[in-house]
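In: Sequence and predicted model, in that order:
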Amino acid sequence: MVAISQTGLPPKTRYAKVRSLHWVLICALVVCAGLSLQIGATDVQFTTILFKAASGQVLSPAEQVVFFDIRLPRLVMGCLVGAALAVSGAAMQGLFRNPLADPGIVGVGAGAGLGAIVAIVLGACLPLWIQEVTGNQLVPVAAFLAGWGSTLLLYRVSTRNGRTSVATMLLAGIALGALAGAISGILVYVADDRQLRDLTFWGLGSLAGASWAKIVAAGPMIFLSIAVASYLGRGLNGLALGEATAEHIGIDVQRLKSIAILTVAGATGAAVAVSGGIGFIGIVVPHLLRLATGPDHRTLLINAALVGAILLILADVIARVVIAPAELPIGIVTAVLGAPVFLWILLKRRGLVEL
Amino acid sequence: MSFHARNIHVSYGHHQALAGVSLHAKAGEVTAIVGPNGSGKSTLLGAMTATLPYEGEVSLNGRSVAGQKPWELAAQRAVLPQASKLAFPFTVIEVVQIGLHAGTAGAQTDVPMHALARVGLSHYAHRNFQDLSGGEAQRVMLARVLAQVWAPVQAGTPRWLLLDEPVSSLDIAHQLQVIDIARDFAARGGGVIAVMHDLNLTALFADKVAILAAGKCLAVGTPTEVLQDDILSRTYGCTLRVCAPPGDERPYILPHAASA
Amino acid sequence: MSGKKDGFAIFAAIWTALLGSFFATAVSTQNASTQAAPHADVLSIGGSVTEIVAALDQQHRLKARDTTSVYPPEVVNLPNVGYMRALSPEGVLSVGPELILAEEGSGPPEAIDVIRAANLPFVEVPDSYTAQGIADKITIIGAALDVPDKARELSTQVLADMEAAQQQSARAPDTKKRVLFILSTQGGKINASGVGTAADAIIQMAGGINVIDSFEGYKQISDEAVGAAAPDVILMMDRGGNHGGTNSDLFAMPALQLTPAAETEAVVRMNGLLLLGFGPRTAEAIVQLNTALYGEGS
């Protein structure tokens, strides 16, 4: 054996450094959460409420509604949706080995959009018992089911002999997107004036519809998906070397793909269902983190969840105070904040996305 | 203990890439697979690593590989692919660590740095892998593979290095380095199977050579037995002359232009 | 290295400028907001609802409005809670209303649920495109504002005005003009009104015929369908500025070139809220549209 060099000690890798970033981000999340509870169109303040709660005073009805029925559900939903989108984006980029992949690649967005349109336009034609069961939540329920369903369909189409081809999935996803777009177009033609407006606002995305009912419905799904996804880090790192090599170093690649696709469909489907189309979080957050802290998925996935939550909460604060008492759709805010950052990344790292 | 492939058939559509090839590689030896382009060398390695669907039987250290989990196989053998692409900007040391599995070596050990030192690249540990040259990248990948099966024998069971053209993009000094690493691994009880192009290097380091042509195994044996004028000329379809330098039993091969 | 920094500086500058203009635009829509009268307590959502509140002499009670409430002109200075179909619950609560009057279709439903949960009196005002529909709106709003007598007076007045206007506009079927209501001509595609819309109702009340009767609501129609419908007059909303372009732009569109309306360049543009609002001014709108279609004293 040749002499081993003097550097026998384990080198300091980015991993250890980046892991401690978790705590920094958790602190930042808490600060942003406080900000989100403090600021709003009304003059109800988190600090006042804390003070009152601490000194045993009774909250006024207005304070109760603003705090418990508006700001708190919005904050929780913002966290869930932001984390779900960012983690899904990171997982998809790892799975497709492409820093430009976003959760929409597995057909969730197209499917969910179609589901929402069907529900908005044809909801009144459904049997009465369905309308009674779903109530106001028909659109989110339909969006989730259709998003999840179209992912399963794509997965089915691109899996042969127990092997899923991500390239087939990509192409099938494009076809499915076109089909969903065409059906949506037909429905848009049938839609009346009011339904058209509902469609437009659904497409822009918003946390304004946050409610405990939605959180109870979407929360467990998103939470579970993020928890599962955060264990995919090692597998996704291996996949960066290619599918064959990943298998050779001991990763069950097919199981990894299945879990990644299903968790992404679950998280994104639930997030899109409750908040509409909120763009750019899924692409920009993992990308920024990769630039800042390296591509190790073991840390990237969790950090992406935290940064996604932080960014969406901040975007929501902006959305609701800029033109208060009216409010901007949050999709506009994330696009205005996210699109230039994305362009900047592309300008700076031109070589990064060569395929 | 051996890595044994029996009667392997592989088809790509209607084209039969391997038609009943068998290979028996022993631990403690370097086994080389040579043959012309398209003869099925890499396909045989692909079947032995279960990378492609095949018919036949492959057993590793006496156990059939079919039905073994990826992580069980990863603890027994490491595979160096012909070319490696990396999707994200990992550093060199991170790439070497990716190959580590709980069953082989813990992430906290110093194995990755030793492996990098073994290929002479420890000073590159924190470089971006994507910025390396082709040969450097190939050596980092060799370090990754070495780290995966760092001890050639574990609990009395030999481990295996499967190398697909390990020297193809290296300069002569580093070709010799790789050969040294492979020989050392075999000398310490591990098994090495390498797909090779260069017949002279093969003659230099292989204990056993298998010659493939058109999906069939033409000859197996020691370099001296197998690297013969007639076998090689038949295999490659051109005139080759095998010489033996005085004082060295290892053959070397000279190409002969048709007109000469 | 300095090249990179310069690049970043330029990028940062452009981004800051973009963000600045974005927020400036967003905020400028709010600059008009002024304080409402001291005893104001009503948030009015929906153009016709706000008009009716004003017509009941209760304008002083208006505390805030939505984007569609632009008449009478003074209400534009009130705080704006946004578009009636995309309300923000906290925004609505933040203006501190003691009564919310909302036209049918205000939303989203989740926002309405939260607003109702705040135990504020919330009155939904149904919308329908008939004289009786307007009278019903007035009665409901009058009751909510606790001015039932005034409401009775106003609704009687409105019913009488509507009756008079419709009688004045009535004509023999063969002398009625064929009217095409165009909602928009975006991208050279014509979005026209079918049946069951406010535009359809007002055209008929004003003594015209809506040339499109094959579908409900507002839809994009093909160029040939416009030619086949052969409208005598084009009716559009006057949104100020250059909406829909000039008459020559309008009739340069292939769809309209061959219509009878193009020969006479017959276009009527009316204020959208007046024309389609179905509030206290609808009788006025009928007369105005009738006059525009057939001339004075027809």
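Out: Nice, I can see it. Numbers count the residues shown, from 1 in each chain, chains lettered A, B, ... in the order given.
In: what about stretch B:177-196, average pLDDT?
Out: On average, the pLDDT along stretch B:177-196 is 96.
In: Near B:Leu161, how many other residues are there?
Out: Neighbours of B:Leu161 under the rule other Cβ atoms under 10 Å in any protein chain shown: 25. No exception for glycine: its C-beta is placed from N, CA and C like everyone else's.
In: Show me what secondary structure element comes after the host helix or strand of it.
Out: If you go by DSSP states H and E, B:Leu161 is part of strand B:160-164. Per DSSP H and E, the first helix or strand lying C-terminal to strand B:160-164 is helix B:172-187.
In: Regarding chain C, what is its longest strand?
Out: The longest strand of chain C (DSSP state E) is strand C:177-184.
In: what helices or strands is that one leaning on?
Out: Where contact means 3 or more Cβ pairs under 8 Å, 6 or more residues apart in numbering or on different chains; DSSP states H and E, strand C:177-184 is packed against strand C:190-193, helix C:198-205, strand C:208-210, helix C:223-229, strand C:233-237, helix C:282-294.
In: Contact partners for the residue of the stretch 151-298 of chain C found nearest chain A?
Out: For the stretch 151-298 of chain C, the residue closest to chain A is C:Gly217, as judged by Cβ to the nearest Cβ, at 4.0 Å. Going by Cβ atoms under 8 Å, 6 or more residues apart in numbering or on different chains, C:Gly217 touches A:Ala191, A:Asp192, A:Asp193, C:Ser193, C:Gly194, C:Gly196, C:Thr197.
In: Show me the shaky parts of chain C.
Out: Residues of chain C meeting the criterion pLDDT under 70: C:1-15, C:17-39, C:239-245, C:297-298.
In: And it, what are its domain boundaries?
Out: Using automatic domain parsing, the domain parsing of chain C gives C:42-164, C:170-294.
In: Can you say which of these is packed in most?
Out: Highest mean neighbour count of those: domain C:42-164, a mean of 20 (counted as mean count of other Cβ atoms under 10 Å in any protein chain shown).
In: so how far is it from its chain's centroid?
Out: Centroid separation for domain C:42-164 versus its chain: 14 Å, with Cα atoms, centre = their mean, to the nearest Å.
In: one step back: which pair in the contacts of C:Gly217 spans the largest distance?
Out: The distance between the two most remote of the contacts of C:Gly217 (Cβ to Cβ) is 14.7 Å, for A:Ala191 and C:Ser193.
In: how about the strands of the stretch 51-200 of chain B, start to end?
Out: Taking DSSP state E, counting those that start in this stretch as the criterion, the stretch 51-200 of chain B carries its strands at B:55-60, B:63-64, B:77-80, B:153-154, B:157-158, B:160-164, B:191-195.
In: What residues of the last one count as buried?
Out: This means strand B:191-195. Across strand B:191-195, burial judged by 16 or more other Cβ atoms under 10 Å in any protein chain shown covers B:Gly191, B:Val192, B:Ile193, B:Ala194, B:Val195.
In: thinking again about what came up before, centre of the chain to the strand holding B:Leu161, how far?
Out: 4 Å.
In: Output that strand as PDB, restricted to C-alpha atoms.
Out: The C-alpha coordinates for strand B:160-164 follow below in PDB (Å, rounded to 0.1, in the frame of the first residue of the first chain):
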ATOM      1  CA  TRP B 160     -15.000  -6.700  -5.000                       C
ATOM      2  CA  LEU B 161     -14.000  -3.800  -7.300                       C
ATOM      3  CA  LEU B 162     -15.800  -3.800 -10.700                       C
ATOM      4  CA  LEU B 163     -14.100  -1.300 -12.900                       C
ATOM      5  CA  ASP B 164     -15.400  -0.300 -16.400                       C
END
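In: Quick one: work out the angle between that strand and strand B:55-60.
Out: Orientation check (axes from the mean of the first three to the mean of the last three Cα atoms, to 10 degrees): strand B:160-164 against strand B:55-60 gives 130 degrees.
In: Which strands border strand B:160-164, and is each parallel or antiparallel?
Out: Sheet partners assigned to strand B:160-164 using DSSP bridges are listed as strand B:77-80 (parallel), strand B:191-195 (parallel).
In: A:Gly113: which of those is closest?
Out: Evaluated over the strands paired with strand B:160-164, closeness to A:Gly113 peaks at strand B:77-80, with 42.8 Å, by Cβ to Cβ.
In: got the contact list for that closest one?
Out: By Cβ under 8 Å, 6+ apart, the surrounding residues in contact with strand B:77-80 are A:244-245, A:248-249, B:3, B:45, B:49, B:51, B:60, B:99, B:141-142, B:145-146, B:148-149, B:159-164, B:166.
In: Same check on stretch B:33-46?
Out: B:5, B:8, B:10, B:17-18, B:21, B:23, B:52, B:54, B:79, B:82, B:162, B:164-165, B:193-197, B:199, B:202, B:209-215, B:218, B:235-237.
In: among those, which are in helices?
Out: Assignment to helices by DSSP state H places the following of these there: B:Leu199, B:Thr202, B:Thr235, B:Tyr236.
In: The second one reaches B:Val209, doesn't it?
Out: Read it as B:Thr202. Yes: when contacts are counted by Cβ atoms under 8 Å, B:Thr202 is listed as touching B:Val209 (6.0 Å).
In: which residues do these two both contact?
Out: B:Ala32, B:Val34, B:Pro223, B:Leu227.
In: Now do the same contact list for A:Ile130.
Out: By Cβ under 8 Å, 6+ apart, the residues touching A:Ile130 are A:Leu138.
In: Three-state assignment for it, please.
Out: What DSSP: H, G, I helix; E, B strand; the rest coil gives for A:Ile130 is helix.
In: Give me the nearest residue to the closest residue to chain A within the stretch 51-200 of chain C, chain neighbours excluded.
Out: The nearest approach of the stretch 51-200 of chain C to chain A comes at C:Gly82, 2.8 Å away (Cβ to the nearest Cβ). Leaving aside its chain neighbours, C:Gly82 sits nearest to A:Ala326 (2.8 Å; criterion: Cβ to Cβ, 6 or more residues apart in numbering or on different chains).
In: And A:Ala41, by the same measure?
Out: Using Cβ to Cβ, 6+ apart, the closest residue to A:Ala41 is C:Ser94 (3.5 Å).
In: Surely the one you found touches A:Val65?
Out: No: here C:Ser94 lies out of contact with A:Val65, judged by Cβ under 8 Å, at a distance of 11.6 Å.
In: Where does the prediction get shaky in chain B?
Out: Applying pLDDT under 70 to chain B flags residues B:101-108, B:257-260.
In: Domain ranges for chain B, per the record?
Out: If you go by automatic domain parsing, the domain ranges for chain B are B:2-76+B:157-169+B:184-255, B:79-148.
In: ends of the shortest one, how far apart?
Out: Okay, so that is domain B:79-148. Using Cα to Cα, to the nearest Å, the end-to-end distance of domain B:79-148 comes out at 9 Å.
In: ok, now the longest one?
Out: End-to-end distance for domain B:2-76+B:157-169+B:184-255, by Cα to Cα: 34 Å.
In: How far off centre is it?
Out: Worked out by Cα atoms, centre = their mean, domain B:2-76+B:157-169+B:184-255 lies 8 Å from the chain centre.
In: could you pull out the helices for the stretch 251-355 of chain A?
Out: For the stretch 251-355 of chain A, the helices defined by DSSP state H, counting those that start in this stretch cover A:253-275, A:281-293, A:297-321, A:330-348.
In: Tell me which of the ones you listed sits nearest to chain B.
Out: Ranking these by their distance to chain B (criterion: Cβ to the nearest Cβ) puts helix A:281-293 first, at 6.7 Å.
In: Thanks a lot, catch you later.
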